[in-house]
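Engineer: for reference, the sequence and a predicted model appear below.
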Amino acid sequence: MRIKLRLVMLAAAAGGVAAATLATPAWAHVEVAADKPQAGARDVTLTFTGEAESDSGGIASERVVLPAGMTPSDVRLKKAPKGWKLTPGSDGFTVAGPALKIGEDAVWAVTVAQLPTNSTTLSFKTLETYSDGQISRWIEIPQDGQPEPDNPAPTLKVKAAAAPATSSPAPSPAVSSAPPTAASSAPAAAQDLADDSSGSGGTGLWVTVGIVAAIAVAAVALLMVRQRRGRP
């Protein structure tokens, strides 16, 4: 009886351990974080952390597949383990170098020219290679409302892109109803003066003509008087 009871207890304990193991997510991941977590942000630093999980080899390389809207030519290496370099690929990049110590996490950072403007969830599928030949494939895309997959890809959540600034229309020029100034009335005044001067000039001309005519009449009359006096 006691033997049967012990067997039942051992079976229950083993079942509990198995259930806990199945319910626990993978203990090693590759994580990503951004210093400007907003869609459309420029000159963003992405920091990756690859957690070591091999007991027989150190991490030697990390190959990252970029999400849609990002190109390898827009990525520059900012920080990496000593001796590691970045090599662009057709769909992403690889950082690699001398293998790290067993159990040492790989931490590297890159600067990207701009994050995509139309997405708030960015997944970076990553292949992590160890010096013993083991490859950890962190390529499964997490889905909202679903349990985390066994090998989740590093995923970055960002804020929506900032709304573009709108410019207010320029005010229409106001129509002035003020009376004309002295400067604007100057041409009219000048015309009036011209009219006045032309009128006075005409009167002077007639006066001159009258004087000449009077002198002519007087000369004719004097001539006639002299002729009469000269007759016998």
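Structural biologist: That came through fine. What you are looking at is a predicted structure, and each value in this text was computed from that prediction instead of being measured.
Engineer: remind me which residues of this structure are low pLDDT?
Structural biologist: 1-28, 165-214, 216-232 (pLDDT under 70).
Engineer: go again with 50.
Structural biologist: 1-8, 10-26, 182-203, 205, 231-232 (pLDDT under 50).
Engineer: strands of that one, residue ranges please.
Structural biologist: Assigned by DSSP state E, the strands in the chain fall at 30-34, 42-50, 59-65, 75-79, 85-88, 92-96, 106-114, 121-123, 125-130, 135-138, 155-157.
Engineer: what sits up against the fourth one?
Structural biologist: What it means is strand 75-79. 45, 47, 66, 85-86, 88, 93, 95, 107-113 (C-beta atoms under 8 Å, 6 or more residues apart in numbering). Backbone N, C-alpha and C define where each C-beta goes, glycine included.
Engineer: which of those are buried?
Structural biologist: Leu66, Leu86, Phe93, Val95, Val107, Trp108, Ala109, Val110, Val112 (16 or more other C-beta atoms under 10 Å).
Engineer: for the third one, give its distance to Glu148.
Structural biologist: When C-beta to C-beta, to the nearest Å is the yardstick, Phe93 and Glu148 sit 25 Å from each other.
Engineer: and if you look at the fourth one?
Structural biologist: Distance from Val95 to Glu148, counting by C-beta to C-beta: 25 Å.
Engineer: go on, the fifth one?
Structural biologist: In this structure, Val107 and Glu148 are separated by 22 Å, where distance is defined by C-beta to C-beta.
Engineer: Arg42 is in contact with Gln114, isn't it?
Structural biologist: Yes: Arg42 lies in contact with Gln114 (C-beta atoms under 8 Å); the separation is 4.8 Å.
Engineer: so which of those two has more stuff around it?
Structural biologist: Gln114 (14 against 10; other C-beta atoms under 10 Å).
Engineer: and Leu46, what are its bridge partners?
Structural biologist: Beta bridges link Leu46 to Ala34, Val110, judged by DSSP bridges.
Engineer: identify the residues contacting it.
Structural biologist: Contacts of Leu46 (C-beta under 8 Å, 6+ apart): Val32, Ala33, Ala34, Ala109, Val110, Thr111, Val112, Phe124, Leu156.
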